[in-house]
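Colleague: missing the sequence, but the structure's below:
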């Protein structure tokens, strides 16, 4: 279950760079009746599959009603963005969370399928609004369009506030004596999604993305909680924690440092995580640090890639204006990031079942000059939705193909076609 998600994930990193400043857009509320995204089907959640184990699909367990914040037009087919105030039972923190499900989620033919999830984090303070709900960025509309043309997966998107106020950065972490934002992002918010949507019982269906301060939180949380997230998309992120609130807590700060977390993950030998960095070619503060991180820690179970937006500089906000460099890069690289996660799977698929093998990947030379995109056929998987053809492997990863027992390649439960753009390939 490795291949279906890393591709749409990088489709998102190009979009992430459009929102590296807090003023990149917000969504306007629309009066509407409360909605529910799922009904309680707990009685079928443990229905045995062919292997005698529970279904891979995790049914909603405690569905609640969400207020409608706005609706997604175009390819989004008027699907609602819901909002609720979540009282985090594990973190103790209370904040707003926005959610969206793709058009495929509502289709009758998918009524018994679980869907992959993307947690999208904003930059700056990310409070009181998560700017990924904004109509100007068109995150949900683009995801819907990519899913329809086969270049992405149909993600459920969850968009929480990033900080408890707009005065301090909390580094997406549990800073002693402060609100437990790390627990909020890594446990309470994912639990809310599981309680309200048809999801999948595997880390292979979970990714976390973010820009700037949200990019740091995404990077840190995938390294700190690889049991929850498999892929992170950090755009222009800080590499080390730098909140002044860490003063007097050097040990806790070290435990939330992505460099330290990467070393620990490498020492343990996994599980594998995939970091899809993005930045602009004219950004000269964060980009060197990203290069250094990849050189030092992009080994073993820590897989990295870097997409450069030519002429882009998030610090001056020129990638936040909509169509242009960011959208061009997004379109070129829409296929390069999702083949590490799984797509929608029917309830008849068993948790722990052995899916069809993924096609073998081959080493490719580093590419520095953009070339036309090319399509490569893959091997269809048994559990992929009927409309989804096979995805090819990604080029340009930070290491050769990982293998399992007896040298087997990684396995996948879903695959779809993709065009790999040279501009998306990492060094």
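Modeller: Done, it's in. This is a predicted model, so every value here is computed, not measured.

Colleague: Just confirm residue 164 contacts residue 179, I think it does.
Modeller: Yes. Counting by C-beta atoms under 8 Å, residue 164 does reach residue 179; the two are 4.5 Å apart. For the C-beta atoms, the positions are set from N, CA and C on the backbone; glycine is no exception.

Colleague: Could you name every residue contacting both of those two?
Modeller: Contact criterion C-beta atoms under 8 Å, 6 or more residues apart in numbering; residues shared by residue 164 and residue 179: 93, 170.

Colleague: Now do residue 43, the pLDDT please.
Modeller: For residue 43, the model assigns a pLDDT of 39.

Colleague: Over to residue 305?
Modeller: 93.

Colleague: State whether it and residue 290 are indeed in contact, as I suppose.
Modeller: No. The pair residue 305 / residue 290 is not scored as a contact, 10.8 Å apart, by C-beta under 8 Å.

Colleague: Identify the contacts common to the two.
Modeller: With C-beta under 8 Å, 6+ apart, residue 305 and residue 290 have common neighbours residue 277.

Colleague: Who has more neighbours out of those two?
Modeller: residue 305 (26 against 23; other C-beta atoms under 10 Å).

Colleague: Could you look up the SS state of that one?
Modeller: strand (DSSP: H, G, I helix; E, B strand; the rest coil).

Colleague: in the sheet, who's paired with it?
Modeller: Applying DSSP bridges to residue 305 gives these bridge partners: residue 276.

Colleague: all helices of this protein, in order?
Modeller: 6-16, 42-45, 139-148, 181-183, 189-196, 213-224, 250-255, 258-268, 287-297, 325-332 (DSSP state H).

Colleague: Packed most tightly, which of these would that be?
Modeller: Of all the helices of the chain, helix 6-16 has the most neighbours on average by mean count of other C-beta atoms under 10 Å, namely a mean of 31.

Colleague: The nearest residue to residue 245 once chain neighbours are set aside and residue 212: what is the separation?
Modeller: Closest residue to residue 245 apart from its sequence neighbours, by C-beta to C-beta, 6 or more residues apart in numbering: residue 175 at 4.9 Å. Relative to residue 212, residue 175 is positioned 19 Å away (C-beta to C-beta, to the nearest Å).

Colleague: neighbour-wise, which of those two wins?
Modeller: Ranked by neighbour count (other C-beta under 10 Å), residue 175 and residue 212 place residue 212 first, with 28 against 22.

Colleague: My guess is the more buried one contacts residue 123. True?
Modeller: Yes. Counting by C-beta under 8 Å, residue 123 is a contact partner of residue 212 at 3.2 Å.

Colleague: Distance of residue 173 relative to residue 147?
Modeller: For residue 173, the distance to residue 147 - C-beta to C-beta - is 32 Å.

Colleague: Distance of the closest residue to residue 78 other than its chain neighbours relative to residue 81?
Modeller: Take residue 78 and drop its neighbours on the chain: the residue closest to it by C-beta to C-beta, 6+ apart is residue 71, 5.0 Å away. Look at residue 71 and residue 81: by C-beta to C-beta, they are 7 Å apart.

Colleague: Give me the more crowded residue out of those two.
Modeller: residue 81 (27 against 17).

Colleague: roughly how far apart are the more buried one and residue 134?
Modeller: From residue 81 over to residue 134 (counting by C-beta to C-beta), the distance is 10 Å.

Colleague: got any ranges where the stretch 1-150 of the chain has weak pLDDT?
Modeller: Confidence mapping of the stretch 1-150 of the chain against pLDDT under 70 gives the ranges 1-32, 39-54.

Colleague: All the strands of the stretch 101-250 of the chain, residue numbers only.
Modeller: Ranges of strands within the stretch 101-250 of the chain are 113-114, 117-121, 156-160, 199-200, 206-211, 231-235, based on DSSP state E, counting those that start in this stretch.

Colleague: can you put those in JSON lines and add mean neighbour count?
Modeller: Output for the strands of the stretch 101-250 of the chain, formatted as JSON lines (neighbours: other C-beta atoms under 10 Å):
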{"stretch": "strand 113-114", "mean neighbour count": "25"}
{"stretch": "strand 117-121", "mean neighbour count": "28"}
{"stretch": "strand 156-160", "mean neighbour count": "24"}
{"stretch": "strand 199-200", "mean neighbour count": "25"}
{"stretch": "strand 206-211", "mean neighbour count": "31"}
{"stretch": "strand 231-235", "mean neighbour count": "32"}
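
Colleague: Out of those strands, which is closest to residue 91?
Modeller: strand 156-160 (10.8 Å; C-beta to C-beta).

Colleague: Listing partners with orientation, what would you give for the closest one?
Modeller: In the sheet, strand 156-160 lines up against strand 94-100 (antiparallel), strand 117-121 (parallel) (DSSP bridges).

Colleague: so can I have TSV of the helices of the chain showing distance to residue 100?
Modeller: Below are the helices of the chain laid out as TSV (distance: least, C-beta to C-beta, whole Å):
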stretch	distance to residue 100
helix 6-16	13
helix 42-45	23
helix 139-148	5
helix 181-183	22
helix 189-196	11
helix 213-224	17
helix 250-255	33
helix 258-268	28
helix 287-297	29
helix 325-332	18
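
Colleague: Residue 287 is in contact with residue 279, isn't it?
Modeller: Yes. Shown here, residue 287 and residue 279 form a contact pair, counting by C-beta under 8 Å, at 4.8 Å.

Colleague: on that earlier part again, could you dump the strands paired with strand 156-160 into TSV and include distance to residue 269?
Modeller: Shown next, in TSV, are those (distance: least, C-beta to C-beta, whole Å):
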stretch	distance to residue 269
strand 94-100	34
strand 117-121	26
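
Colleague: Out of these, the one nearest residue 106 is which?
Modeller: Nearest to residue 106, of the strands paired with strand 156-160 and by C-beta to C-beta, is strand 94-100 at 11.7 Å.

Colleague: Next, count neighbours for residue 69.
Modeller: Residue 69, neighbours per other C-beta under 10 Å, totals 23.

Colleague: State the distance from it to residue 184.
Modeller: 20 Å.

Colleague: again with residue 158
Modeller: 12 Å.

Colleague: which ones are touching the closest residue to residue 237 other than its chain neighbours?
Modeller: Among residues not flanking residue 237 along the chain, residue 215 sits closest, at 3.1 Å (C-beta to C-beta, 6+ apart). With contacts defined as C-beta under 8 Å, 6+ apart, residue 215 is in contact with 16, 121, 123, 209, 233-238.

Colleague: what about stretch 267-281, start to end distance?
Modeller: Stretch 267-281 has an end-to-end distance of 33 Å (C-alpha to C-alpha, to the nearest Å).

Colleague: If anything else comes up later, I'll come back, but that's it for now.
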